[in-house]
Structure formats: structure tokens, C-alpha cells
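[1] Coordinates for the following, if possible.
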Amino acid sequence: MKSELNKSGSNVSRTLGLGYFNLARGLGMVLIVLGHSINLYLEPQPTGSGELFSGAGSVFGGGIMAAFFMISGYGFYKRKPRKCFVIQRKLLLLPYCIVAAAVIISKFLLAVVRHRSFMENGGEFILTYLLGLNAEGGGTLWGIPVESVSIFWFVLALFGGWLIYNGIVQITSDRLRVLLTASCVILGYVLTLISKIWPCCLPMALIAVGYLHAGAELKERGLLEKEISWKWWGVILALILLSAAFGQISIVACMWKLGLADVLATFCTGFLFLRIYAAYMRREHTGKLMAVLEEIGFNSIWIVCLHAYEKVIFPWYRLTDAMAFCPAAGVLVCFAARCIVMYIMYRILMFLHRKLQRKKRGKFVLD
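    As a prediction, this is how the structure comes out:
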């Protein structure tokens, strides 16, 4: 199946629109899946993350996620609240609901096949997905065992952040918009001090408002191409290095060791990544690999959801046990297997989607 992006031609994708970042999003998704494959061979941390995303690595991981949000903010456009909700519900909540339901059904079927209790081996995901909980590493809510929505947190945070930010931009005063955006980021951080488990990934959604605003400002002010003074670069790099040396970031686990300094470091790291990407894109890049990465980026929301599914359902830890003698080979095999699984699931979803569309139009055309 050809990418929707490819149909429009490479020249269109190189303009500074949302499609311009498909390659960045595709590369980001590859790095995330590869990182999670590497983590299987590393010691788990209290946050639920592996060593790869601890310390300086946590700043790198947080920066990637911040860049994802900023890219969405770069393509942000104001709509009436009701229309905005309808569009984002289709783009974000629909994939989340479909894949979350698939996880629960799969867990139930596995419990039946293995003759074990579903409530003890999968039942915890019912409340988790219904409320959109970020219980990284597991936990309890009202005495009920719950799990984390895992990488689904990005979809929920983007959904909530987009709706909140869309409401903020309805205000005509620039100062008030900036004040409300900053207040959302600070409130998001404060909520992480109150509790580490929140419905609808609320703290992340509030912080995402800031990322979206930053992305919109990058586009408005042309900051991906404009010259920036060495003074500002010094501040940006200082914050990144401070967080890398002494901080610890896990957005989904609500961990910001240096407080708002860590939060600011993710903004700076995300901005740095996008500047590097913009510099790279000043020259034309073609080839099959670029086309594949662009297609992954174009379908990044579905890829995130499918990655969340295979991350929960497939027992990748058994592969690491079987290949403990050669971790490097184990990581590559695990990464390749995950890509194959996600590709097959993606093809199945696209097949079902086409069939549903044809049925809605009253046409029954065989492939």
C-alpha cells in the first residue's frame, strides 16, 4: 500500500507543513520501538522504565516525546470546540478504543486457553483503559489492581492537550493565552506531586498544552530556520546538560526529579531535535528507506497504538531469555519481530477499514 504522503509527491512533504515532519515522526517511532527492545535486556528502574531511559537517557526520551507534541502544535489550527472534539475523537480516541478493546479481548482469550483467572491476568486492564490510567509499574486505585496505559499515554495526553489548547486559543488576548498555557504546564507538574496515578493522563495532557503552544510558536516565529543568538543557545544547552547530569524524567510515571527545570529541559531538548531535523531537511533526501520512514510517520498514531498492543500481549521477555548469550542479536531479533507483528496488524486494520468504507458506500468490491 502506497503512503498517502507519497501520493502528494516529495516536494509537498518538504514544505513547512505538518507533512514536512513525517520523516521525523517515523524516525522517532523507530527509535522508541528500538529503545523498548533494548530495555528488555536492562535492569528495570523504580519508574518502570529500563536503564536506557534513566539519567541522561531520560532527557533524550523526554525530548523525543516533547518533539512529537511540538510537531502536532506546529500543525495546530483553531476550530470551534465541538468540531475540534469530533475531529480529535476520530483521530485519537477511536484508535485508542479499538486497540484497548483488542488488548482486553486478547487477555481474556489467553486466560481461557491457559485455564487461569482473567481478573488476575488481564482484568486489571479494564479499569486502566476505561479511566486512561498512567499507573506505570502497576498500582491500585480504590483497592483495585490497575496497570498503566503504557505508550497509550501519548494519545490520551495529545487528545486532552489539544482540546484544552484549542479552548485557550479562542481567547483574543496574547498575554492571557500565554499565561493560561504556562499555568497549565505548572498545574500539570503540581498534580504529579499530589499523585503518580491520574485518570485520562491528566498531568501529561496539561503539560502537553505547553508543548503544543511551543510548536505553534515555532511555526509562527519561524524559529526552525531563524538565527538564534548564542546567549539563548547557552541557556538551552545549560538546561539540557543540567537535567542530563542531575535530573530524571519519566513523563508517564510523573517523575521530574529537578522539578520544573526538568520540564523546561524537555522543551529545550525537543526544540534542539527539531532544529537538527530542519537543518537536515534543507537538502532533499529520497530513497526507499526515507519513503518507509515517512509512511510510518504519517500513520504514527496507529503505530503507537499497535506498539502498545504488542508490548502488552506478546511475551518478548521469553525471547530475551532465549538469546541471553548475545544481547545485541537478541535486541535486533526482538526489534525485527516487533516491526513484523505491527506491520501485519496494520495491514489487517487497513483491510478491515477499506471493507467498512465500501460497505458504508453500498459497494461490495473484492480485492
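[2] Leaving out the residues flanking it, which one is nearest to Ser150?
    Leaving aside its sequence neighbours, Ser150 sits nearest to Ala308 (C-beta to C-beta, 6 or more residues apart in numbering; 5.0 Å). Where C-beta positions appear, they are placed from N, C-alpha and C, glycine not excepted.
[3] quick one: the most centrally placed residue in the chain and Tyr96, what's the gap?
    The residue lying closest to the centre of the chain (C-alpha atoms, centre = their mean) is Phe154, at 3.9 Å. For Phe154, the distance to Tyr96 (C-beta to C-beta, to the nearest Å) stands at 10 Å.
[4] Equivalent analysis for Thr286, please.
    Separation of Thr286 from Tyr96 (C-beta to C-beta): 34 Å.
[5] Please list the residues outside stretch 73-85 that contact it.
    Applying C-beta atoms under 8 Å, 6 or more residues apart in numbering, the contact partners of stretch 73-85 are 17-18, 21, 87, 162-163, 165-167, 169-170, 211-219.
[6] Name only those of those that count as buried.
    By neighbour count, with 16 or more other C-beta atoms under 10 Å, these hold 18, 21, 162-163, 165-166, 169, 211-219 as buried.
[7] residue contacts, Ala279?
    If you count contacts by C-beta under 8 Å, 6+ apart, Ala279 has none.
[8] measure it to Asn166 for me?
    31 Å.
[9] mind showing which ranges of this protein have poor pLDDT?
    Across the chain, residues meeting the criterion (pLDDT under 70) sit at 1-18, 43-54, 138, 361-367.
[10] how about the strands in it?
    Under the criterion DSSP state E, the chain contains strands at 134-141, 144-148, 249-250, 255-256.
[11] Outline the domain layout of the protein.
    Listed by automatic domain parsing, the domain ranges of the chain are 1-41+283-367, 55-282.
[12] Go through these and pick out the most buried.
    Most buried of those, by mean neighbour count (mean count of other C-beta atoms under 10 Å): domain 55-282, with a mean of 18.
[13] Give me the phi and psi for Asn121.
    Main-chain torsions, Asn121, degrees, to the nearest 10: phi -130, psi 60.
[14] which residue packs closest to it, ignoring adjacent ones?
    Counting by C-beta to C-beta, 6+ apart, the residue nearest Asn121 is Ala111, at 5.3 Å.
[15] Fine by me, thanks again.
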